[in-house]
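Trainee: Give the three-dimensional model of this entry:
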Amino acid sequence: MLTNMIEDPPIQRVEVSFVGAPPAQQIERASGVSEVEVDGPTLRCQVWGSFQPFLEALSGHEVTRLASTSSEVRGQLMEQQRVLRWGGLAGILGASIAVPTALLGLLFSPPPAVGPCGAPCFVDVDVANFPVEKLGTSLGYGVYIAALILFVFFFLALYRALRDASLAPALFGGGMGLLGIVLMAAGGVPSVAFAHLSDLYYAPGVTPQDQATLLLVAHAVQGVFNETDTAGGIFLAIAFILLGTAMLRHSSFGKRFGGTTMALGVVGLIGIAVISIAQDNPNNYAFVIFVTILPVVLGWKLVRLSRASVS
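Mentor: Down below sits the predicted model:
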């Protein structure tokens with residue numbers, strides 16, 4: 001019982017800069033010192049227990065800088081660095097593979113000529129041609145879902161980076177971003193629905209009237225997918241506006257990143273209102289802001305933040 005009441009001696013990670021060469025051997029012989037590393041005039045080591053033997057080993061040498069961090073705090077900082085690094089890389093990779101999704105779609109399923117019902121007529125062609133386009137479209141949507149999964153990690157890392165500077169907008173912005181990703185993922189694999197409709201479309205004994213009815217059903221299904229994408233885009237726009245607000249108070253992001261992120265969020269929101277809602281057009285290029293531009297720019301910023309040294 002007594003041993004449980006005795007606390008372990010603290011372990012400190014120390015970094016010391018000297019005028020001239022560090023006394024590495026002298027410090028290494030000091031009681032409680034281990035893991036000595038020398039990098040030019042800077043020496044790093046671990047000190048267990050009392051600092052007195054370590055300080056005595058510095059006697060006779062001019063010190064220009066001394067920094068100390070407990071092993072527990074240092075571990076937390078290193079863990080945060082990993083979160084920022086992997087979250088930033090996830091944003092960059094997600095944006096990188098979102099582009100091939102569009103290219104695969106154009107390669108295997110080029111947009112048809114506008115029919116009598118306007119842009120929505122592409123649904124008629126998709127259902128009729130689905131057996132031929134199945135491989136390409138399924139592969140493209142699979143890549144798209146992978147990109148959305150990576151964006152989840154990206155938003156979590158953004159929240160972690162910004163929460164200490166401005167908790168409320170970072171928390172609400174991160175939550176709105178995750179909700180936007182969920183809504184976009186809900187309509188992220190339309191090939192599942194169209195495969196079933198296409199099977200019915202070419203089933204034996206189906207009449208032209210039945211096929212016309214199935215096309216109407218396909219239009220309704222596509223309308224639902226368009227709605228979830230539009231709602232997801234609105235949530236993403238608001239998310240980036242809120243996260244940009246948090247960046248304004250963060251010393252590493254500042255007004256440049258914060259203002260640009262907010263401005264792009266507003267531009268994307270206007271694009272959704274004008275193209276997706278007013279024109280009923282699912283091919284909204286405003287989404288490039290949310291799935292390519294901002295993830296790459298902010299993802300790279302997170303990676304750079306993760307490279308900050310831990311004392």
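
Trainee: what's in contact with stretch 11-30?
Mentor: 33, 36, 38, 41-48, 51, 53-54, 56-58, 60-71, 74, 311 (C-beta atoms under 8 Å, 6 or more residues apart in numbering). C-beta here means a position set from N, CA and C on the backbone, and glycine is covered the same way.

Trainee: redo that, cut-off 7 Å
Mentor: 33, 36, 38, 41-48, 53-54, 56-57, 61-71, 74, 311 (C-beta atoms under 7 Å, 6 or more residues apart in numbering).

Trainee: Stretch 158-165 too?
Mentor: 80, 83-84, 87, 170-171, 174, 243, 246-247, 249-250, 298, 302, 305.

Trainee: average pLDDT for that stretch?
Mentor: Mean pLDDT, stretch 158-165: 91.

Trainee: Report the buried residues of it.
Mentor: 158-163, 165 (16 or more other C-beta atoms under 10 Å).

Trainee: mind giving me the domain split of the chain?
Mentor: 8-61, 79-303 (automatic domain parsing).

Trainee: so which of these is the most packed in?
Mentor: Compared across those, domain 79-303 shows the largest average neighbour count, a mean of 18 (mean count of other C-beta atoms under 10 Å).

Trainee: how long is it end to end?
Mentor: End-to-end span of domain 79-303 (C-alpha to C-alpha, to the nearest Å): 14 Å.

Trainee: what does stretch 244-251 contact?
Mentor: 162, 165-166, 169-170, 173, 253, 255, 257-259, 261-262, 265.

Trainee: which helices and strands does the host helix or strand of residue 294 pack with?
Mentor: Per DSSP states H and E: residue 294 is located in helix 294-306. In terms of contacts (3 or more C-beta pairs under 7 Å, 6 or more residues apart in numbering; DSSP states H and E), helix 294-306 is packed against helix 71-108, helix 122-162, helix 254-271.

Trainee: that older thread, quick check, nearest of the contacts of stretch 158-165 to residue 213?
Mentor: residue 174 (43.9 Å; C-beta to C-beta).

Trainee: Which helix or which strand is home to that closest one?
Mentor: Assigned by DSSP H and E, residue 174 falls in helix 167-186.

Trainee: try residue 65
Mentor: strand 63-70.

Trainee: and that strand, what other elements does it pack with?
Mentor: Checked by 3+ C-beta pairs under 7 Å, 6+ apart, strand 63-70 has strand 11-18 packed alongside it.

Trainee: what's the angle between the strand it packs on and strand 63-70?
Mentor: 170 degrees (axes from the mean of the first three to the mean of the last three C-alpha atoms, to 10 degrees).

Trainee: so for strand 11-18, what's the average pLDDT?
Mentor: 86.

Trainee: Check stretch 41-57 too.
Mentor: 88.

Trainee: Kindly check the end-to-end length of it for me.
Mentor: 16 Å.

Trainee: same deal with stretch 268-284?
Mentor: End-to-end distance (C-alpha to C-alpha), stretch 268-284: 10 Å.

Trainee: Return the member of the buried residues of stretch 158-165 nearest to residue 138.
Mentor: residue 158 (30.9 Å).

Trainee: what's the spacing between the closest one and residue 225?
Mentor: As defined by C-beta to C-beta, to the nearest Å, residue 158 lies at a distance of 27 Å from residue 225.

Trainee: Am I right that residue 46 is in a helix?
Mentor: No: counting by DSSP: H, G, I helix; E, B strand; the rest coil, residue 46 is located in no helix; its state is strand.

Trainee: where's the closest residue to it other than its chain neighbours, which helix or strand?
Mentor: Distance criterion C-beta to C-beta, 6 or more residues apart in numbering; nearest residue to residue 46, sequence neighbours excluded, is residue 35 at 4.4 Å. Applying DSSP H and E as the criterion places residue 35 in strand 33-39.

Trainee: quick check: angle from that strand to strand 11-18?
Mentor: Using the same axes, to 10 degrees, strand 33-39 lies at 30 degrees relative to strand 11-18.

Trainee: secondary structure class for the residue of the chain most remote from its centre?
Mentor: Going by C-alpha atoms, centre = their mean, the residue of the chain most distant from its centre is residue 60, 50.4 Å out. Residue 60 falls in the coil class when you classify it by three-state DSSP.
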